[in-house]
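**Q** Provided below are the primary sequence and the corresponding predicted coordinates.
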Amino acid sequence: MASAFAMLFFALFSDNGPVNAALVSAGILKEPFRFLSSIAGTRGLVALMNFLMWFGNTTIILMSAIMGVDPGLYEAAQLDGCTSGQMFWKITMPLIRPLLIYTLITSVVGGLQMFDVPQILSNGQGSPNKSTTTIIMYLNQHLFSKNYGTAGALSVLLFLVCGVLCVMIYKLQSKED
């Protein structure tokens, strides 16, 4: 799915693509914007694609967590005079915290292991100016050049960074109530 999505965005946001044609014909731009040649444009496209690809999954997980909260708790809190903000912070957030932690951890790990979208969008070069090169793309370059020592070191580094970030998220979010 990610490769098809990246190819779609590559075609849509190319210099002669439909997005630029629409922006120029609407008078918003005088000349086509080179999305894939500017650092901000390419990074923005990578961020937008990852957001769009994972928004539905994250929404389903968090909505199922919210729907799992007993409505009787809200009724009791309302009878006790709680505001909607108090109900959110004192009832909803503590009860959905386990799935929120899961979502945050999987998002961090997925973000650190991002490969397919920037690889396809930048034609494997991380262009422009290596601004979309991820650690996995860098590791892949070392694997193909048969530099296995550096690739192994990068793998261990990625594992340690993932581990430290996940433990930090878990410790910060799973405090005792």
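**A** Done, it's in.

**Q** In which helix or strand does residue 167 reside?
**A** helix 148-173 (DSSP states H and E).

**Q** pLDDT (mean, whole number) over that helix?
**A** The pLDDT scores in helix 148-173 average 90.

**Q** Please report the distance of the nearest residue to residue 18 once chain neighbours are set aside from residue 66.
**A** Distances taken as C-beta to C-beta, 6 or more residues apart in numbering put residue 12 closest to residue 18, at 5.9 Å, once the chain neighbours are dropped. Quick note: C-beta positions are derived from backbone N, CA and C, even for glycine. Distance, residue 12 to residue 66, using C-beta to C-beta, to the nearest Å: 34 Å.

**Q** These two: which is more packed in?
**A** residue 12 (14 against 11; other C-beta atoms under 10 Å).

**Q** Pretty sure residue 19 is one of the things that one touches, is it not?
**A** Yes - using C-beta atoms under 8 Å, residue 12 is in contact with residue 19, at 5.2 Å.

**Q** Quick one: the helices in the protein, in order.
**A** Assigned by DSSP state H, the chain shows helices spanning 2-12, 18-25, 39-67, 71-79, 84-87, 93-112, 116-121, 135-144, 148-173.

**Q** among these, which is the most enclosed?
**A** By mean neighbour count, with neighbours taken as mean count of other C-beta atoms under 10 Å, helix 116-121 ranks first of the helices of the chain at a mean of 21.
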